[in-house]
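1. have a look at this fold, sequence not included:
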Ligand code: SF4
Ligand code: SF4
């Protein structure tokens, strides 16, 4: 079988130091996106375990798999979790969730924990769409804008591109800087057009790095026009899979004129973290 | 909170903005809209508060320029039906 360049690494994680049996509130958030799914388990509002994997063709099944994988080896079972919130594109298809909440609210809430209360603008570059969100110091959404018109500037677009150029998707960012000078951005970030444009450039003898540079800067620019509409208030942060792609992030930061905050957390779990935090708040509300 | 629905393309910006702080979920805009662009949904943006708010339906978000075109004649334009219907002035259009 040929190598699958688009395939990023799936993984799970847990905090070995936490004794979950001593926790008062165990809650979880499951983010079923169009490309990836994450399950986050929290004990008393602290990150206990999570998983990050590809979404399969079936949402309920993807939600279950992500949850099982997050819990693997922890000794914790689904029934120990007192409240589960589903989010993301497949949020209504999380069979074991008590509630579904839009990913816009969850990214703001999760971003607030991941980047701290100073974050005001969150750009979520997801698998299939891109969202610009303003939030207050408590992580409440104050303004948002979503661009779901086409797959341009998204994780899926990047995967298609990585595959076309036979470059592992995790290496695209670094490689895109191995150019003597920054080329003109490709004229379209539309996946279909960009693909044929890239093929033509390769035929003209452009090295892969240069084609990637042109694509990353086109993507950065496209996302910038979205941000421009609601404005970028300080502090600024990026969530979602593309936040890991330095080729896009550094070019975007140049256009914005502001460095995004960084976090010790995986940018892909922002939505699921937010969902787990809402689960905690809703559980506490119901106990009152 | 301001919820912006729509998109930007080569010809301009096409966004409908709902101010969820003003919208009381009365539904008047829904009955006023001839093209089924708006709908009442649960306020998921503030899940701890809840309540109902108006939103642009999923189906129309990617094509509102066309969905709203019949309401937007190029000349002799009157106030849009959705905007006239909304007493709290929760709706704005970017174009
Ligand atoms: S402009 Fe017309 S079609 Fe568009 S939302 Fe308002 S009433 Fe509906
Ligand atoms: S008419 Fe105005 S207040 Fe009533 S549901 Fe529509 S947007 Fe909200």
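-> Structure's in. What do you need? Predicted model, so just to flag it, every value in this text is computed and none were measured. Ligands and ions are numbered 1, 2, ... in the order given.
2. so what pLDDT did the residue nearest to the spatial centre of chain A get?
-> When chain A is reduced to its mean C-alpha position, the closest residue under Cα atoms, centre = their mean turns out to be residue A:240, at 1.7 Å. What the model reports as pLDDT for residue A:240 is 87.
3. now do residue A:201
-> pLDDT at residue A:201 comes out at 86.
4. residues contacting residue A:177?
-> Contact criterion Cβ atoms under 8 Å, 6 or more residues apart in numbering or on different chains gives A:209, A:213, A:246-247, A:250 as the residues in contact with residue A:177. Every residue, glycine included, has its C-beta placed from N, CA and C.
5. ditto for residue A:104
-> When contacts are counted by Cβ under 8 Å, 6+ apart, residue A:104 touches A:131, A:133, A:141, A:144, A:146, B:44-45.
6. closest one to ligand 2 out of those, please.
-> Closest approach to ligand 2 among those (Cβ to the nearest ligand atom): residue B:45, at 13.7 Å.
7. surely that closest one touches residue B:2?
-> No. Applying Cβ atoms under 8 Å, one finds residue B:45 not in contact with residue B:2, separated by 10.0 Å.
8. more neighbours, these two?
-> residue B:45 (23 against 20; other Cβ atoms under 10 Å in any protein chain shown).
9. give the phi and psi angles for that one, as a check.
-> Main-chain torsions, residue B:45, degrees, to the nearest 10: phi -70, psi -30.
10. hang on, the earlier thing: quick one, which of the contacts of residue A:104 are buried?
-> Burial by neighbour count, judged by 16 or more other Cβ atoms under 10 Å in any protein chain shown, picks out A:131, A:133, A:141, A:144, A:146, B:44-45 from these.
11. can you list the low-confidence ranges for chain B?
-> Of all residues in chain B, those with pLDDT under 70 make up the ranges B:74-77.
12. can you show me the strands along it?
-> With DSSP state E, the ranges of strands along chain B come out as B:2-9, B:12-19, B:38-42, B:52-56, B:91-93.
13. out of those, nearest to residue A:224?
-> The minimum distance between residue A:224 and the strands of chain B falls on strand B:2-9, with 11.4 Å, by Cβ to Cβ.
14. from the contact counts, what lies against the closest one?
-> Using 3 or more Cβ pairs under 8 Å, 6 or more residues apart in numbering or on different chains; DSSP states H and E as the contact criterion, the secondary-structure elements in contact with strand B:2-9 are strand A:141-147, helix A:208-230, strand B:12-19, strand B:52-56, helix B:58-61, helix B:64-67.
15. try it again at 10 Å.
-> In terms of contact count using 3 or more Cβ pairs under 10 Å, 6 or more residues apart in numbering or on different chains; DSSP states H and E, strand B:2-9 is assigned the packing partners strand A:141-147, helix A:208-230, strand B:12-19, strand B:52-56, helix B:58-61, helix B:64-67, strand B:91-93.
16. compile the ones you listed into JSON lines and extend it with columns for distance to ligand 2.
-> Listed next are the helices and strands packed on strand B:2-9 as JSON lines, based on distance: least, Cβ to the nearest ligand atom, whole Å:
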{"stretch": "strand A:141-147", "distance to ligand 2": "16"}
{"stretch": "helix A:208-230", "distance to ligand 2": "20"}
{"stretch": "strand B:12-19", "distance to ligand 2": "6"}
{"stretch": "strand B:52-56", "distance to ligand 2": "4"}
{"stretch": "helix B:58-61", "distance to ligand 2": "15"}
{"stretch": "helix B:64-67", "distance to ligand 2": "15"}
{"stretch": "strand B:91-93", "distance to ligand 2": "5"}
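17. distance to residue A:58 added to these, as JSON lines?
-> Shown next, in JSON lines, are these (distance: least, Cβ to Cβ, whole Å):
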{"stretch": "strand A:141-147", "distance to residue A:58": "25"}
{"stretch": "helix A:208-230", "distance to residue A:58": "29"}
{"stretch": "strand B:12-19", "distance to residue A:58": "33"}
{"stretch": "strand B:52-56", "distance to residue A:58": "27"}
{"stretch": "helix B:58-61", "distance to residue A:58": "21"}
{"stretch": "helix B:64-67", "distance to residue A:58": "31"}
{"stretch": "strand B:91-93", "distance to residue A:58": "38"}
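18. residue A:40: which of those is closest?
-> Ranking these by their distance to residue A:40 (criterion: Cβ to Cβ) puts strand A:141-147 first, at 19.4 Å.
19. measure the spatially most central residue of chain B to residue B:94 for me?
-> The residue at the geometric middle of chain B, judged as the C-alpha nearest the mean C-alpha position with Cα atoms, centre = their mean, is residue B:16 (4.7 Å). The spacing between residue B:16 and residue B:94, counted by Cβ to Cβ, to the nearest Å, is 8 Å.
20. what touches both of the two?
-> B:4, B:6, B:64 (Cβ atoms under 10 Å, 6 or more residues apart in numbering or on different chains).
21. pLDDT score for the closest residue to the first one other than its chain neighbours?
-> Meaning residue B:4. With Cβ to Cβ, 6 or more residues apart in numbering or on different chains as the measure, residue A:145 is the residue that lies nearest to residue B:4, at 4.4 Å, once sequence neighbours are left out. Predicted confidence (pLDDT) for residue A:145: 88.
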